[in-house]
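K.L.:
please find the sequence and the predicted model below.
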Amino acid sequence: MKDFKVLFVLFVLFCSQGVWAQKWEAPNWKNFSYPVIDFKDKAAGTKGARIYRRIVPEPEAFIQQHALWVAQTLYWSATDSMPGVEKIEYNLEDTDGISAKGGQPPVVNIFYSSRWVEKSEDSQGDDKVLYETRGVLYHELTHAYQLEPQGIGGYKPGTEFWVFIEGMADAVRYHNGFFPVDSRKPGGHWMDGYRTTGFFLEWLTGKDPDFLRKFNKSALEIVPWSFDKAMKHIFGEQVTTDSLWEEYQAFLKK
């Protein structure tokens, strides 16, 4: 097991220094417009910043690659209607918290905490830092590229708008492998947002592999938008969000 962990860490480090310099594109993504990345290390000199720059030596290419992967999770091709993200201002900051997205396309800003990087390193080493950094990036970039429900107000905790925004961000993160499956537990409610909603939404890709894309696109197709309308739009009039949630809970309890 020790040898396996050493090999895994070496693989992670190799990937961080090589893969991110290359853009992988399927034929229908060759015209994807990569955002310009304005990376600023505002935590220079801190332990967390040194760890980040060692594990992510090419942050611009790293962020661009994940932008493509987020777009590919949410859309079918580069020609689909999606927010025109032209520039991402990405700041590594010596501050509490983890990360947050601000602004609206064409210019989006994201901060990432060097203190969180340091905590991740102290808890489980380099592999944990890369795992967390990629997972957090998937979440925040989803906010940059996802569509927004129309006709139901704006971003306010506890609303269906908020649940859509935060649930989708964690669904994309989990779908791409950056939440451990053992953190998915029975209980809660689909209106809880974040992981609870995200795990549920990703589970629905078992019913339809394109569910996340269709659910995202429903924000354009249904006005005023609601969870129930979106679920019926995708799965048929016989379902409700509650009935799908109950089926999901039964699955988790098996």
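P.N.:
Noted; the coordinates are in hand. Here the structure is a predicted model, which means the values were calculated and not measured. Numbers count the residues shown, from 1 in each chain.
K.L.:
now do the strands in this protein.
P.N.:
Under the criterion DSSP state E, the chain contains strands at 36-41, 87-93, 99-104, 107-113.
K.L.:
can you put those strands in a markdown table and add distance to residue 224 and mean pLDDT?
P.N.:
In short, each C-beta sits where N, CA and C put it, glycine included. Converted to a markdown table, these look like this (distance: least, CB to CB, whole Å; pLDDT from 0 to 100):
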| stretch | distance to residue 224 | mean pLDDT |
| --- | --- | --- |
| strand 36-41 | 35 | 98 |
| strand 87-93 | 30 | 98 |
| strand 99-104 | 21 | 97 |
| strand 107-113 | 26 | 98 |
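K.L.:
now those as a markdown table including distance to residue 135 and mean neighbour count?
P.N.:
What follows is the strands of the chain, written out as a markdown table (distance: least, CB to CB, whole Å; neighbours: other CB atoms under 10 Å):
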| stretch | distance to residue 135 | mean neighbour count |
| --- | --- | --- |
| strand 36-41 | 19 | 15 |
| strand 87-93 | 16 | 20 |
| strand 99-104 | 10 | 15 |
| strand 107-113 | 11 | 21 |
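K.L.:
for residue 240, find the nearest of the ones you listed.
P.N.:
When these are ranked by proximity to residue 240, the top entry is strand 99-104, at 30.9 Å, counting by CB to CB.
K.L.:
the closest one packs against which elements?
P.N.:
Counting contacts by 3 or more CB pairs under 8 Å, 6 or more residues apart in numbering; DSSP states H and E, strand 99-104 is packed against strand 107-113, helix 126-145.
K.L.:
and the residue lying closest to residue 104 once chain neighbours are set aside, how many neighbours?
P.N.:
Distances taken as CB to CB, 6 or more residues apart in numbering put residue 83 closest to residue 104, at 7.9 Å, once the chain neighbours are dropped. The local packing count at residue 83 equals 17, with neighbours defined by other CB atoms under 10 Å.
K.L.:
could you do the one 3 residues further on as well?
P.N.:
Burial measure for residue 86: 13 neighbouring residues, criterion other CB under 10 Å.
K.L.:
list the contacts for residue 53?
P.N.:
Neighbouring residues of residue 53 by CB atoms under 8 Å, 6 or more residues apart in numbering: 41, 59.
K.L.:
quick one: closest of the strands of the chain to residue 146.
P.N.:
Evaluated over the strands of the chain, closeness to residue 146 peaks at strand 99-104, with 10.5 Å, by CB to CB.
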